[in-house]
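Chemist: Attaching a predicted model along with its sequence, questions to come.
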Amino acid sequence: MKQLKIASIPGDGIGKEVVPAAIDVLKAVSEVHGGLQFEFTDFPYSCEYYLEHGAMMPEDGLERLKDFDSIFLGAVGNEKLVPDHVSLWGLLIKLRREFEQQINIRPAKVLNGIQSPLVNPKDFDLIVVRENSEGEYSEVGGRIFREEDEIAIQNNIFSRKGTERAMHYAFDLASKRNKHVTSATKSNGIVHSMPFWDEVFQDVAKQYPEIGTDKQHIDALTAFFVTHPDRFDVIVASNLFGDILTDLGAAVMGSIGIAPAGNINVNGKYPSMFEPVHGSAPDIIGKGVANPIGQIWTAKMMLDHHGEDEIGKVLLDVVESTTADGIITPDIGGKHSTQEVTDEIIKRLKA
Ligand code: GGG
């Protein structure tokens with residue numbers, strides 16, 4: 001019997017609605033699988049936790065989380081309680097950094113029965129490999145002077161090691177898919193980091209002669225995502241470009257509520273963390289209509305990560321049979337609640 005110890009952090013907003021839904025689905029997976037058990041431990045780290053304790057998680061939070069097999073996170077952010085950069089850097093980005101989750105994998109495709117407002121579904125099936133620990137998400141910089149003289153400086157960090165790691169991850173992934181990697185760049189406008197990014201891409205590409213490559217400036221790439229989606233297989237992008245591109249990817253998929261993601265600790269020293277692309281969605285909190293599919297698909301990625309790809313595939317097939325039958329939430333044109341969609345997925349899993 002395989003047992004996975006999962007730290008669950010629902011976080012803020014709809015995270016508290018979709019994480020329990022996805023955990024119920026994982027419990028059903030365990031029932032039907034037989035050989036797989038989960039032990040979930042809940043952690044209340046969130047903006048509400050910050051109000052009570054003055055931090056997004058306790059000082060020994062990393063110590064408490066480090067021995068779990070994975071972290072299953074919902075959403076972070078409640079601007080009414082805590083400035084977003086404080087909540088993100090105090091929890092989400094802190095975990096990514098401290099647990100060396102240097103790669104963020106974000107698959108994007110249109111599920112059966114879901115209408116993409118932007119593309120023909122058969123043309124859109126790709127994975128964005130986002131560098132997850134440096135780039136534009138950097139604490140290097142500062143603010144000086146006041147009022148009209150005020151200056152804000154933000155330095156981007158691109159290490160050769162970190163950039164190569166992201167590129168190798170993308171090429172290795174492409175070798176198991178359609179053998180093409182696109183590099184998201186902006187080396188015509190950003191004169192230091194992006195020409196460096198291009199050079200590293202070229203160097204790494206030479207080690208994978210069987211993989212086709214191209215590079216696209218991020219502005220054109222976003223347009224091609226919609227106008228020529230069939231050009232893409234794996235895209236490697238910096239931290240910020242990857243974040244933006246995958247929100248666009250989610251829109252192409254039909255809703256930000258669908259898109260999954262995994263933050264991967266490549267060397268296995270620390271837990272990886274699985275969290276959907278969406279945030280806390282303050283506009284729909286408590287309405288019972290949050291789409292649980294992003295979190296459930298994220299659970300499938302967690303299963304894959306632990307070598308349970310077969311049951312992961314069964315889970316995504318069940319999700320797609322549910323969407324194909326129109327049992328979907330209002331964000332994708334349905335009339336069903338979070339609970340109804342979750343219950344239906346569980347029912348079909350157990351059938
Ligand atoms: N699902 C996690 C979450 O709350 N994401 C919101 C967000 O702003 N994420 C920024 C990022 O992925 O870097």
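Modeler: Received it, and whenever you're ready, just let me know what you need.
Chemist: Return the residues of the protein in contact with the ligand.
Modeler: 75-77, 92, 243, 275-276, 278-280 (Cβ under 6 Å from any ligand atom). For the C-beta atoms, the positions are set from N, CA and C on the backbone; glycine is no exception.
Chemist: Out of those residues, who's the most crowded?
Modeler: P276 (31 neighbours; other Cβ atoms under 10 Å).
Chemist: Could you look up the SS state of it?
Modeler: Counting by DSSP: H, G, I helix; E, B strand; the rest coil, the backbone at P276 sits in coil.
Chemist: Just the pLDDT at the residue in the stretch 201-350 of the chain that the ligand sits nearest to, thanks.
Modeler: Proximity of the stretch 201-350 of the chain to the ligand (Cβ to the nearest ligand atom) peaks at G279, 3.6 Å away. At G279, the predicted lDDT confidence score is 97.
Chemist: Check P282 too.
Modeler: Taking P282 on its own, its pLDDT is 96.
Chemist: Hmm, it is touching C47, no?
Modeler: No - using Cβ atoms under 8 Å, P282 and C47 do not qualify as a contacting pair, with a distance of 10.7 Å.
Chemist: Spell out which residues are contacts of both of those two.
Modeler: Here P282 and C47 have N78 as joint contacts, going by Cβ atoms under 8 Å, 6 or more residues apart in numbering.
Chemist: ok so, going back, ok, the residue of the stretch 201-350 of the chain closest to the ligand - contacts?
Modeler: 13, 75-77.
Chemist: what do you get for N104?
Modeler: Neighbouring residues of N104 by Cβ under 8 Å, 6+ apart: 96, 129-132, 242, 261-264.
Chemist: That one pairs with what?
Modeler: For N104, the beta-bridge partners are R130, N263 (DSSP bridges).
Chemist: measure it to P195 for me?
Modeler: From N104 across to P195, the span is 23 Å (Cβ to Cβ, to the nearest Å).
Chemist: thinking again about what came up before, now, among the contacts of G279, which is nearest to T322?
Modeler: A75 (22.2 Å; Cβ to Cβ).
Chemist: wait, doesn't the closest one sit right on I14?
Modeler: Yes - checked against Cβ under 8 Å, the pair A75 and I14 is within contact range at 6.1 Å.
Chemist: intersection of neighbour lists for these two?
Modeler: Common neighbours of A75 and I14 (Cβ under 8 Å, 6+ apart) are 278, 280-281.
Chemist: need the residues you listed in CSV with distance to G162, can you?
Modeler: Formatted as CSV, the shared contacts of A75 and I14 follow (distance: Cβ to Cβ, whole Å):
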residue, distance to G162
H278, 26
S280, 28
A281, 31
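Chemist: M167: neighbouring residues, count only.
Modeler: 24.
Chemist: secondary structure element for it?
Modeler: Take DSSP states H and E as the rule and M167 turns out to sit in helix 160-175.
Chemist: can you give me the strands in the protein?
Modeler: For the chain, the strands defined by DSSP state E cover 2-11, 36-42, 70-75, 103-109, 125-131, 141-144, 151-154, 180-185, 212-217, 234-237, 262-264, 272-274.
Chemist: Which one of the residues in the stretch 51-200 of the chain is closest to the ligand?
Modeler: Closest approach between the stretch 51-200 of the chain and the ligand, counting by Cβ to the nearest ligand atom: A75, at 3.7 Å.
Chemist: Next, the contact list for that residue, please.
Modeler: For A75, the contact set (Cβ under 8 Å, 6+ apart) comprises 11-15, 18, 275-276, 278-281.
Chemist: Can you tell me which of the contacts of G279 is nearest L303?
Modeler: Closest approach to L303 among those (Cβ to Cβ): A75, at 20.6 Å.
Chemist: And that closest one, how far from V82?
Modeler: Going from A75 to V82 by Cβ to Cβ gives 13 Å.
Chemist: With D304 instead?
Modeler: Applying Cβ to Cβ, the value for D304 to V82 is 33 Å.
Chemist: Who has more neighbours out of those two?
Modeler: V82 (22 against 19).
Chemist: ok, now which ones touch the more buried one?
Modeler: Contact analysis of V82 by Cβ under 8 Å, 6+ apart lists 47, 50-51, 56, 90.
Chemist: cool, and W89?
Modeler: Contacts of W89 by Cβ under 8 Å, 6+ apart are E139.
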